[in-house]
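Student: structure of the sequence below:
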Amino acid sequence: MIFLDMAESSELPTSSPDAHLIPTIETAKDDVSFKFIFTRHSGEKNAKLVLDALQDCDVIVLEQVGMRKKHKGEIQKIWNLLSLETPGSEDAKFLRNFFPQRNDEDGTFITKLVEGLTGSKKAVFLVDITEDSQQFAIYKQANEAGEKYSVLLSDKLPFSLSQALDGLSEYLELEAKAVGVREEFIASQLRTLHKFGSEEAPSPIKIGVVLGAAHTFVQHQLKREGYETQRVFAEGDALNSGYLYDLKASLIRTKRFFPDKPLDEGLLKRAVLIDLGSYVITTATTGVETNEEALEEAVKNLDSPTIEELWKVVKKTKSDTWRPLKDNPVTISKALMGVFQTYIPNFPDLAVKKVNN
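Tutor: Residues are numbered from 1 along each chain as shown. Sure thing, here's the model as predicted:
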């Protein structure tokens, strides 16, 4: 088994017979190559694609934002202990209990990743800003802005389109800054690798870095600095060389790379309408989720004046509905379903039954 030690953390699998034998030596760029695997942290299919892509990697790096530094080290140890365990063993079952059962969008991604890496004999490292780091402040601000925007969209009281646009814009700006801070920090950790291994260790060591699909900056930056890199996107039914970002992700990436450039107001209006439409669908009917891709495609056909007109009808409908019903978001959302269907005829068909893919 090959071990890499991050400068920030020296936690290694305590049961490894090799960890205490090998001296620490600084890794030159020629001694390491990075395979970036970009994905959406959701679904069994995506997890399987990630595991397939990691087959030719010697070491695995995962992002994990928001934990305290001490907790991060403990979880990292558990990842590595699982890597050394026999799949199906009682010890492996016990260690898997330390992982939350639902810490991604549908609860299956992390479960399948843990199962697939058990017994892999690959070292695993967690990289990301921690809750008790200085860098976490901007991430917290972005989360608070996002929560504020979500609360506005779910408010039973009527609100203007300009209020929604202001809320979304504030969130996008802070989120772009937070993404930048995280990416710079992750890149800095990947630069400070130190090699642990025997003379039989492969050269260069291939490090598989699993990141969200939005974080391509990390790969570009290391490639510019002279590191050997490659990348794949794990999404859907196959590994791909490209990725189609949704509208909100595209707006965040635009703000991330062009912070002084105002975002297109027409695109912002579409993004707000998509968010409200998704909320309406999932609130009006239990046990469903939104076909986001189809909703985004449908909203593309609406120009700014039409969106403004639709919003006025939404505002009036909420004003007429909430007063007698007060605390009944389901009934209000059902009323808004009719408004959306007037402008998007197939709107009810965009609600699909929840499944663990």
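Student: in the sheet, who's paired with the most centrally placed residue in the chain?
Tutor: Centrality entry for the chain: nearest residue to the mean C-alpha point is Gly212, 4.7 Å, by C-alpha atoms, centre = their mean. On DSSP bridges, the residues paired with Gly212 through beta bridges are Thr39.
Student: correct me, but it touches Arg40?
Tutor: Yes. Using C-beta atoms under 8 Å, Gly212 makes contact with Arg40 at a distance of 7.0 Å. Every residue, glycine included, has its C-beta placed from N, CA and C.
Student: Leu211 contacts Phe34, correct?
Tutor: No. Between Leu211 and Phe34 there is no contact under C-beta under 8 Å: 10.7 Å.
Student: ok, back up a step: dump the residue contacts of the residue nearest to the centre of the chain.
Tutor: 38-41, 63 (C-beta atoms under 8 Å, 6 or more residues apart in numbering).
Student: what's in contact with the helix or strand where Leu239 lies?
Tutor: Using DSSP states H and E, Leu239 falls within strand 238-240. With contacts defined as C-beta under 8 Å, 6+ apart, strand 238-240 is touched by 49, 52-53, 232-233.
Student: I'd like to know which of those residues are buried.
Tutor: 49, 53, 232-233 (16 or more other C-beta atoms under 10 Å).
Student: looking at those residues, which are in strands?
Tutor: Judged by DSSP state E, strands contain the following of those: 232-233.
Student: can I get the buried ones among the contacts of strand 238-240 in TSV including distance to Ile129 and pLDDT?
Tutor: Below are those laid out as TSV (distance: C-beta to C-beta, whole Å; pLDDT from 0 to 100):
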residue	distance to Ile129	pLDDT
Leu49	26	95
Ala53	25	96
Val232	25	94
Phe233	24	94
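Student: buried residues in the host helix or strand of Ala178, which are they?
Tutor: Per DSSP H and E, Ala178 falls inside helix 161-191. Under the neighbour-count criterion of 16+ other C-beta under 10 Å, helix 161-191 has 161, 164-165, 167-183, 185-187, 189-190 buried.
Student: which helices and strands sit right next to it?
Tutor: The contact analysis (3 or more C-beta pairs under 8 Å, 6 or more residues apart in numbering; DSSP states H and E) places helix 161-191 against strand 59-63, strand 123-127, helix 136-154, strand 205-212, helix 216-224, helix 247-257, helix 265-284, helix 304-325.
Student: so the fourth one versus strand 123-127, what angle?
Tutor: Read it as strand 205-212. Counting by axes from the mean of the first three to the mean of the last three C-alpha atoms, to 10 degrees, strand 205-212 lies at 40 degrees to strand 123-127.
Student: ok so, going back, now do the residue nearest to the centre of the chain against Gln76, distance only.
Tutor: Gly212 is 19 Å from Gln76, where distance means C-beta to C-beta, to the nearest Å.
Student: likewise Pro259?
Tutor: 33 Å.
Student: export the contacts of strand 238-240 to TSV and tack on distance to Ile207?
Tutor: Listed next are the contacts of strand 238-240 as TSV, based on distance: C-beta to C-beta, whole Å:
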residue	distance to Ile207
Leu49	18
Asp52	17
Ala53	13
Val232	14
Phe233	18
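Student: now for the residues you listed: which two are most distant?
Tutor: The most widely separated members of the contacts of strand 238-240, counting by C-beta to C-beta, are Asp52 and Phe233 (12.6 Å).
Student: any stretches of this structure with poor pLDDT?
Tutor: Along the chain, the parts satisfying pLDDT under 70 run over 1-29, 99-107, 193-203, 322-327, 355-357.
Student: how is it carved up into domains?
Tutor: Domain assignment for the chain, taken from automatic domain parsing, gives 3-133+178-245, 264-357.
Student: ok, which of those comes nearest Ala142?
Tutor: Using C-beta to C-beta, the nearest of these to Ala142 is domain 3-133+178-245, at 4.1 Å.
Student: buried ones in whatever helix or strand His71 lives in?
Tutor: Per DSSP H and E, His71 falls inside helix 69-84. Within helix 69-84, the residues that count as buried by 16+ other C-beta under 10 Å are 72-73, 75-84.
Student: ok, the closest residue to Leu113 other than its chain neighbours - how many residues close by?
Tutor: Nearest residue to Leu113 in three dimensions, chain neighbours excluded: Ala47, at 5.0 Å (C-beta to C-beta, 6 or more residues apart in numbering). The number of residues packed near Ala47 is 24, by other C-beta atoms under 10 Å.
Student: can you check Lys140 too?
Tutor: 13.
Student: cool, and the one 5 residues further on?
Tutor: A total of 20 residues lie near Ala145 under the criterion other C-beta under 10 Å.
Student: contact partners for the closest residue in space to it that isn't next to it in sequence?
Tutor: Spatial nearest neighbour of Ala145, excluding adjacent residues (C-beta to C-beta, 6+ apart): Tyr171 at 4.2 Å. Under the criterion of C-beta under 8 Å, 6+ apart, the neighbours of Tyr171 are 142, 145-146, 148-149.
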